[in-house]
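**Q** Just a sequence and a predicted model for now, questions to come.
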Amino acid sequence: MLLSLGTLTPSEAHSLQKAHFRANPNPSLKHRLTRLRSLRAELLRREDDIHAALWADFKKPSPEVELTEMLATLIELHHAIRHLASWIKPLRASNPVFLVGTSTNTVRFPKGPSLIIAPWNYPILLTLGPLVHATAAGCPVIIKPSEHTPNAADLVDEIISAVYPPEEAFVFKGGPERAQELLAMDVQHIHFTGSARVGRIIMESAAKCLASVTLELGGKSPTYVHSDADPLKAARSICFGKFSNAGQTCIAPDYLLVHQDVAARLLDALRDEILAGYTSGKGDADLACIVTPVHFERQLSLLDDARTMGAKVAIGGGSNISDRRLEATVLTDVPLASRLMQEEIFGPILPFITVASQEEALDIILDRPPPLSTYVFTSDESVLERFSSSVRTGAVCRNTTLLHFVQPFGPFGGEGTSGIGRSHGEAGYRAFSNEQVVLRRRWGSWILRLLLPPYTKRTSQWSRLFRHFT
């Protein structure tokens, strides 16, 4: 019985994908590459529509769309297309002496029908990126884009429908109720990007069918600026990382810990950089807005709470409720007990905290849950190594921000409340793949007979002898 695609329910779509996967459990390299190349072509064909959709949803500046949506997604696509042939090759394993006469390979097979629940902050990149990984691995997938960016969700649906038949990829739009419906399915893997609060719900649902998960959850990514840092270069990188996308980035610098010897110069450099590139006076086209009124009100609430507790606005602080825009804002004297230092900010508000040493900075960081990313500005390699070895974090970057996200050869992810699992490049492919060991006995079966019943004193002697060859 043929079903109209417009009338497919989640249960029907999932059944369709399960049946397809059962009949096609390991799509060929050629098939996977064809889908990836078609997705790349469709993404480029709809580039103007992507710009228009993201402007309609939250006035994302066109250059930011090109950099953080188009380029970042194309990097993921190019990398998968270029390296997929090597990823799917069986991996030959070495043999211990007591397994002489055998050979062992590790083969990666698709996990099966999977689920991608995407966020609103980068609605193209963080929807199509995981789809690239699922396609490379050979998994059918159901995708739910965010309801907070409806124009982007509609466009994602159109792009995916133009490239994939429903038995390979299908989009369901909607809010939390739709997500709950999709989470009730017995999928093999769930890829989720969002908050730690929702991440816990995802894990509970995954546990019911013992699905594996990739959770990209964010958190308060700290930035430490050491006494030897170049304040101008640091300010430029910090501002780009923090104020792009109006701060609505899971790996944005969440707060600054600045050594007292460079604090005044860095604050001046931040002011100059913000005035030059991140103010409404330069034109609205350079500033994204906060995605919804609810998210906008939360930003104002965080700002008011910090001010009430004694924080001072050093730069910015203005807002425009009519278009949900908040100025790039830097606050000093921010109490560690304020909400700004307890919650992930996810907006263009930057706490500036002066510290006397890197030890003080580390104490502040380690008092908080593991961050998704950690940024260190210094010319001293030992300072970087100290933070890298001390902080439980998904990435440590020196003298830059955000760039690790577009490094396809490096796995991306967090730890604990900032995430579980890894994505991007081969790590993303492996997240949607199961590793299967294939062991072949070629000769030497007589060795095993030395250890089989009936057991004798000689059996134990042989067993003890084999210990020396492990």
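**A** Right, received. Where do you want to start?
**Q** Does anything pack onto the strand or helix carrying residue 256? Which helices or strands?
**A** Using DSSP states H and E, residue 256 maps to strand 255-259. On a contact count with 3 or more CB pairs under 8 Å, 6 or more residues apart in numbering; DSSP states H and E, strand 255-259 meets strand 222-225, helix 263-277, strand 349-355, helix 358-366. To be clear about C-beta, it is placed using only N, CA and C from the backbone, and glycine gets the same treatment.
**Q** got the angle for the third one vs helix 263-277?
**A** With axes from the mean of the first three to the mean of the last three CA atoms, to 10 degrees defining the directions, strand 349-355 sits at 160 degrees from helix 263-277.
**Q** returning to what we had before: quick one: average confidence on the strand holding residue 256?
**A** The pLDDT scores in strand 255-259 average 98.
**Q** Show me what it is in contact with.
**A** For strand 255-259, contacts defined as CB atoms under 8 Å, 6 or more residues apart in numbering pick out 220, 222-227, 229, 238, 266-267, 334, 340-341, 345, 350-358, 360-361, 364-365.
**Q** are any of the residues you listed buried, and which?
**A** Buried subset of the contacts of strand 255-259 (neighbour count, 16 or more other CB atoms under 10 Å): 220, 222-226, 229, 238, 266-267, 334, 340-341, 345, 350-355, 358, 360-361, 364-365.
**Q** Report the inter-axis angle for the strand holding residue 256 versus strand 349-355.
**A** With the same axes, to 10 degrees applied, the angle from strand 255-259 to strand 349-355 works out at 30 degrees.
**Q** quick one: strands adjacent to strand 255-259?
**A** Its sheet considered, strand 255-259 pairs with strand 222-225 (parallel), strand 349-355 (parallel) by DSSP bridges.
**Q** Please compute how far it lies from its chain's middle.
**A** Centroid separation for strand 255-259 versus its chain: 24 Å, with CA atoms, centre = their mean, to the nearest Å.
**Q** how about that strand as CSV, C-alpha atoms only?
**A** Output in CSV follows, covering the C-alpha atoms of strand 255-259 (Å, rounded to 0.1, in the frame of the first residue of the first chain):
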residue,chain,number,x,y,z
TYR,A,255,32.7,34.5,30.4
LEU,A,256,36.2,36.1,30.6
LEU,A,257,38.7,35.5,33.3
VAL,A,258,41.4,38.1,32.7
HIS,A,259,44.7,38.4,34.4
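**Q** Can you name every helix or strand that the one helix or strand in the chain whose mean pLDDT sits lowest contacts?
**A** Taking mean pLDDT, DSSP states H and E as the measure, the chain has helix 445-449 as its least confident helix or strand, at a mean of 82. Of the remaining helices and strands, none touches helix 445-449 by 3+ CB pairs under 8 Å, 6+ apart.
**Q** after it, next one along is what?
**A** helix 457-467.
**Q** and that following helix, how far from the chain's centre?
**A** The answer for helix 457-467 is 50 Å, by CA atoms, centre = their mean.
**Q** what ranges of the protein fall below the confidence cut-off?
**A** 1-6, 280-285 (pLDDT under 70).
**Q** again, 90 this time
**A** 1-7, 95-100, 218, 277-287, 444-452, 462-470 (pLDDT under 90).
**Q** Report the beta-bridge partners for the spatially most central residue of it.
**A** Residue closest to the mean C-alpha point of the chain, counted by CA atoms, centre = their mean, is residue 216 at 4.6 Å. In this entry, residue 216 is beta-bridged to residue 193, residue 419, by DSSP bridges.
**Q** do you know how far it is from residue 129?
**A** Per CB to CB, to the nearest Å, residue 216 is found 10 Å from residue 129.
**Q** so what's in contact with those two at the same time?
**A** Joint contacts of residue 216 and residue 129 (CB under 8 Å, 6+ apart) are residue 423.
**Q** Could you list the domains of the protein?
**A** Domain assignment for the chain by automatic domain parsing gives 5-217+421-434, 222-406.
**Q** Pull out the buried residues from stretch 407-426.
**A** 408, 411-415, 417-426.
**Q** Just the buried residues of stretch 457-468, please?
**A** Residues of stretch 457-468 classed as buried by neighbour count (16+ other CB under 10 Å): none.
**Q** possible to save the strands paired with strand 255-259 as TSV with distance to residue 164?
**A** Compiled in TSV, those are given as follows (distance: least, CB to CB, whole Å):
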stretch	distance to residue 164
strand 222-225	40
strand 349-355	40
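**Q** Nearest to residue 133 among those would be which one?
**A** strand 222-225 (28.2 Å; CB to CB).
**Q** immediately after the closest one, which helix or strand?
**A** Using DSSP H and E, the helix or strand that follows strand 222-225 in sequence is helix 231-243.
**Q** How about that next one, which residues are buried there?
**A** Buried-residue list, helix 231-243, by 16+ other CB under 10 Å: 231, 234, 235, 236, 237, 238, 239, 240, 241, 242, 243.
**Q** just stretch 25-39 next, same as before
**A** 27, 32, 33, 35, 36, 39.
**Q** among these, which are in helices?
**A** 32, 33, 35, 36, 39 (DSSP state H).
**Q** Show me the helices in the stretch 251-400 of the chain, by range?
**A** Taking DSSP state H, counting those that start in this stretch as the criterion, the stretch 251-400 of the chain contains helices spanning 263-277, 293-308, 358-366, 381-390.
**Q** Correct me if wrong: residue 445 contacts residue 101.
**A** Yes - if you go by CB atoms under 8 Å, residue 445 and residue 101 touch, sitting 7.2 Å apart.
**Q** between the two, which one's more packed in?
**A** Set residue 445 next to residue 101 and count neighbours by other CB atoms under 10 Å: residue 101 wins out with 14 against 10.
**Q** for the more buried one, what are its contacts?
**A** Neighbour list for residue 101: 441, 442, 443, 444, 445, 447 [criterion: CB under 8 Å, 6+ apart].
**Q** So for it, what's the nearest residue that isn't a sequence neighbour?
**A** Distances taken as CB to CB, 6 or more residues apart in numbering place residue 444 nearest to residue 101, at 2.6 Å, with adjacent residues excluded.
**Q** ok, that neighbour to residue 452 distance?
**A** On the measure of CB to CB, residue 444 and residue 452 end up 14 Å apart.
**Q** So these two - more neighbours on which side?
**A** In this view residue 444 and residue 452 are compared by other CB under 10 Å, and residue 444 has more residues nearby, 12 against 8.
**Q** my guess is residue 447 contacts residue 100, does it?
**A** Yes - the pair residue 447 / residue 100 is scored as a contact, 7.0 Å apart, by CB under 8 Å.
**Q** So between the two, which is more surrounded?
**A** Counted by other CB under 10 Å, residue 447 and residue 100 do not tie: residue 447 has more neighbours, with 15 against 12.
**Q** how much space is there between the more buried one and residue 466?
**A** 9 Å.
**Q** okay, and the common contacts of those two?
**A** Joint contacts of residue 447 and residue 466 (CB under 8 Å, 6+ apart) are residue 98.
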